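[1] test case, fold it:
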Amino acid sequence: MYLGLNHEQSGASTGDAVMPSLDTALQAASLAEKRLREAIEAMPQGIVFLDEEDRYILWNEKYAQIYEKSADLLKPGVKLADALRVGIERGDYPESTGREEEWLAERIAQLHQPGQRHEQRLADGRCILIEERRIEGGGTIGIRVDITDLKQKEETFRLLFERNPLSMLVYDLETGRIRAANEAACALLGYAPGEMEGLPAHVLFPQTLWPSAAELLAADHSDTRDCWQMLRRDGACVDAVISTRLSELEDYAGTIVAIFDVTERRRIEQRMAHMARHDELTGLANRAHCRAYLREILDRSANGSGPGETVTLALVDLDHFKPVNDTYGHHFGDVVLTEAAARMRELIPPEALLCRIGGDEFAVIFRRSSLTQAELVSKSIITTLSEPFFVQGHMIHIGATIGFASSPYDSRDAETLMRYADLALYAAKGERRGTCRGFEAGMDAAAQEKNRLEKDLRAAVRDGILEVHYQPIVDLQSGAVECYEALLRWNHPERGAVPPDVFVPLAEEMGLIDQIGRFVLNCACSEAMRWPESVRVSVNVSPLQFRNGNLLSTVINALSTSGLPAERLELEITEAVLMEKGPRPAAIIRNLRAFGIGISLDDFGTGYSSLSYLLNYPFTKIKIDKSFILNLHEEASSRAVIRAVIGLGRSLGLTVAAEGIERDIERDYLRDEGCTQGQGYLFGKAQPPLEIETTATSRAA
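    Reported below is the predicted structural model:
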């Protein structure tokens with residue numbers, strides 16, 4: 001008994017020792033469970049524990065929130081399959097609609113083959129990422145992540161990618177292949193939709209570009225200034241600007257590639273660059289290209305970077321081209337220019353450059369050709385352009401004059417060489433059209449002299465240095481002065497008296513003739529107001545004044561300002577005015593005559609002298625040119641012309657005046673033939689206003 005007591009006592013002592021250990025263990029287990037619950041509750045993902053028979057053991061609040069429509073089914077011991085079946089009946093899983101049992105079987109199969117992620121769609125539109133793993137003891141731990149926002153972003157990106165009008169690719173850095181291509185990229189590169197997936201990226205670039213293109217595709221490259229050539233499926237090239245962005249895409253590292261098709265833009269840019277350097281009508285190099293090319297080859301030669309060579313610049317000016325435009329129109333002119341360019345292109349050597357530098361002006365830059373060769377080609381050009389052109393049934397004749405200069409003989413500077421060639425052309429045209437002439441040193445001196453004269457003339461006009469002198473025109477019968485011709489004089493402080501036939505053409509060329517013409521008219525009208533009312537004043541008018549269209553207003557202003565009656569003013573014009581095309585000259589002449597202003601045809605007999613001029617225009621006087629008077633007694637033909645003109649004037653009721661009378665014998669002959677008026681040194685030279693006389697000298701008696 002004692003033993004028993006002792007045993008019981010002993011047993012009681014042992015039990016007292018065991019109980020605290022069990023409590024401690026239970027407490028520890030409870031604490032561990034509490035900590036486990038706290039841990040899984042703290043996790044942002046949904047967590048669930050299932051036993052070996054797929055029954056719920058433990059889950060956190062996030063899991064319950066994810067499956068809030070089925071939260072009432074979440075109880076320990078409930079099988080996942082049963083909860084899913086009820087959820088299917090409730091419509092919680094829209095992907096199961098119409099295939100409920102099949103979907104449930106697939107879901108349980110995924111549960112029993114853990115380790116792979118899969119997605120699950122819920123009725124409220126959310127997307128849940130599921131990952132499940134087996135644990136010791138045969139149970140399962142499941143993780144649920146709400147990826148709805150991520151999927152929406154992916155969907156947005158997919159839509160932006162697939163439907164983007166910009167061509168886009170996804171490039172796999174590891175395999176070097178295309179993972180995806182949108183419709184725009186497939187269309188650009190000639191592939192069917194989906195056909196580019198898995199395509200090696202190197203087939204999209206020429207072999208010579210691939211090493212650099214591979215580096216481009218493997219890096220961030222947002223600089224879109226570089227232009228790349230890409231290959232279409234049919235082998236055609238596409239000009240593209242490429243932008244790349246490195247990205248982590250799902251389970252691989254890749255590059256999002258944006259392709260900007262600039263093929264058309266490049267074509268337009270190239271076309272514009274070509275147009276900037278070439279003539280649109282003929283396709284030849286234009287003036288800018290000509291100058292740039294000439295500078296380039298001369299600079300290379302001067303710097304030693306190119307071979308020392310002869311460079312010859314020939315300037316070609318088409319002769320008689322303006323009448324083609326005036327007669328047939330600009331369309332005909334364009335055809336002639338195109339044909340002329342084609343003819344010249346066939347004649348120039350391969351290394352020469354043919355340019356069109358102006359309306360009817362061309363240039364040829366000869367390289368590695370001797371001066372003799374350049375001159376021979378130039379003469380061939382003149383010959384071929386002298387042959388007729390046939391345009392729409394019309395036979396058109398033009399021609400060409402050429403001036404040239406060479407480097408290094410004349411100059412090594414491009415601008416100087418062009419100027420020298422232009423001087424040679426100017427000299428050739430002045431001497432005889434249809435010729436070829438090279439530059440000579442004297443031409444530059446003459447040009448410099450002309451330039452100085454132009455500056456001096458401009459200063460003389462500005463400072464009022466020009467003067468108007470007056471030469472008497474007398475009645476050959478009575479000797480009385482009937483008119484004074486206003487003649488412009490320029491007394492240069494260094495050169496002395498500059499002849500009018502030198503500075504008047506210069507004024508026309510410089511565009512000063514309108515200003516000078518107004519000055520002469522104003523002076524002449526004002527001065528004539530101091531003379532007897534019977535004395536008229538005669539003023540020469542330039543053809544350019546007619547062409548510019550301001551003559552009528554200039555004359556009216558001069559008359560109104562001075563108060564001179566229109567009947568006392570006489571305007572002298574040359575046949576060049578009458579040869580102007582169009583109705584303007586005729587209208588101006590008739591308007592002037594309507595005011596009572598006299599119109600005199602100057603230098604009659606030296607030009608075409610068409611009688612139609614006298615019949616079609618209201619002239620009041622014709623003047624016989626002095627060249628006939630000087631040869632009066634040596635040339636019978638001169639006397640015949642004089643007699644014919646006097647008779648013509650008498651029959652038409654016109655005053656006939658003879659210029660250049662210097663001797664009594666000439667005066668007497670003209671008077672006896674019936675010439676009305678005379679002008680020349682016999683009656684007096686042109687004098688300043690204060691020295692003129694209103695009556696002829698006794699020699700006129």
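[2] quick one: secondary structure of Leu313?
    Following DSSP: H, G, I helix; E, B strand; the rest coil, the label given to Leu313 is strand.
[3] and for it, nearest residue in space, chain neighbours not counted?
    Excluding the flanking residues, the one nearest Leu313 by CB to CB, 6 or more residues apart in numbering is Ala421, at 4.7 Å. From N, CA and C alone the C-beta is placed, and that goes for glycine too.
[4] likewise Gly91?
    Going by CB to CB, 6+ apart, Gly91 has Ala123 as its nearest residue, at 5.6 Å.
[5] one more: Leu521?
    In space, Leu521 is closest to Ala558, 4.1 Å off (CB to CB, 6+ apart).
[6] what about the one you found, how many residues nearby?
    Other residues near Ala558 number 22, with proximity taken as other CB atoms under 10 Å.
[7] can you name the residues that contact it?
    Arg518, Leu521, Asn522, Ala524, Cys525, Leu564 (CB atoms under 8 Å, 6 or more residues apart in numbering).
[8] what's the closest of those residues to Ala587?
    Taking CB to CB as the measure, Ala587 lies nearest Leu521 of the contacts of Ala558, at 19.4 Å.
[9] wait, isn't the closest one in contact with Val539?
    Yes - using CB atoms under 8 Å, Leu521 makes contact with Val539 at a distance of 5.7 Å.
[10] after the helix or strand of the chain with the lowest mean pLDDT comes which helix or strand?
    Lowest mean confidence among the helices and strands of the chain (mean pLDDT, DSSP states H and E): helix 2-42, at a mean of 60. Where DSSP states H and E defines the elements, the next helix or strand beyond helix 2-42 is strand 46-50.
[11] please name every helix or strand in contact with that following strand.
    Helices and strands touching strand 46-50, as assessed by 3 or more CB pairs under 8 Å, 6 or more residues apart in numbering; DSSP states H and E, comprise strand 56-59, helix 61-66, strand 140-146.
[12] return the residues in contact with Ile381.
    When contacts are counted by CB under 8 Å, 6+ apart, Ile381 touches Val316, Arg343, Met344, Leu347, Val364, Ala400, Ile402.
[13] ok, now which ones touch the third one?
    Residues in contact with Met344 (CB under 8 Å, 6+ apart) are Val316, Leu354, Phe362, Val364, Ile381, Thr384, Leu385.
[14] if you count neighbours, what's buried in the helix or strand containing it?
    According to DSSP H and E, Met344 maps onto helix 330-347. By neighbour count on 16 or more other CB atoms under 10 Å, the buried set for helix 330-347 is Phe332, Gly333, Val335, Val336, Leu337, Glu339, Ala340, Ala341, Arg343, Met344, Leu347.
[15] returning to that earlier point: select from the contacts of Met344 every entry located in strands.
    Val316, Leu354, Phe362, Val364 (DSSP state E).
[16] and the gap between the third one and Pro349?
    Relative to Pro349, Phe362 is positioned 15 Å away (criterion: CB to CB, to the nearest Å).
[17] near Trp490, how many other residues are there?
    Using other CB under 10 Å, Trp490 is surrounded by 21 other residues.
[18] ok, and the closest non-adjacent residue to it?
    With CB to CB, 6+ apart, the residue lying closest to Trp490 is Val498, at 4.5 Å.
[19] can you give me the strands in the stretch 351-500 of the chain?
    Using DSSP state E, counting those that start in this stretch, the strands of the stretch 351-500 of the chain run over 353-356, 361-367, 389-391, 394-396, 399-407, 436-438, 467-475, 481-492, 496-498.
[20] most neighbours per residue, which of these?
    strand 399-407 (a mean of 25; mean count of other CB atoms under 10 Å).
[21] packing partners for that strand?
    Taking 3+ CB pairs under 8 Å, 6+ apart as the contact cut, strand 399-407 packs with strand 311-319, helix 371-386, helix 414-431, strand 436-438.
[22] can you rerun that using 10 Å?
    On a contact count with 3 or more CB pairs under 10 Å, 6 or more residues apart in numbering; DSSP states H and E, strand 399-407 meets helix 287-303, strand 311-319, strand 361-367, helix 371-386, helix 414-431, strand 436-438, helix 441-463.
[23] can you put those in TSV and add distance to Leu615?
    TSV is the format used below for the helices and strands packed on strand 399-407 (distance: least, CB to CB, whole Å):
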stretch	distance to Leu615
helix 287-303	46
strand 311-319	32
strand 361-367	39
helix 371-386	36
helix 414-431	34
strand 436-438	42
helix 441-463	38
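[24] ok so, going back, going by distance to Arg530, which of the buried residues of helix 330-347 wins?
    Distances from Arg530 to those, taken by CB to CB, are shortest for Gly333, at 52.0 Å.
[25] ok, now which ones touch Met529?
    Val537, Ser562, Gly563, Leu564, Pro565, Arg568 (CB atoms under 10 Å, 6 or more residues apart in numbering).
[26] same thing but at 7 Å, please
    Taking CB atoms under 7 Å, 6 or more residues apart in numbering, we find Met529 in contact with Ser562, Gly563, Leu564.
[27] and it, backbone torsions?
    When read as degrees, to the nearest 10, the backbone of Met529 gives phi -70, psi -20.
[28] ok, how many other residues are close to the residue lying closest to Arg593 once chain neighbours are set aside?
    In space, and not counting its chain neighbours, Arg593 is closest to Pro618: 4.3 Å by CB to CB, 6+ apart. Pro618 has 13 neighbours, counted by other CB under 10 Å.
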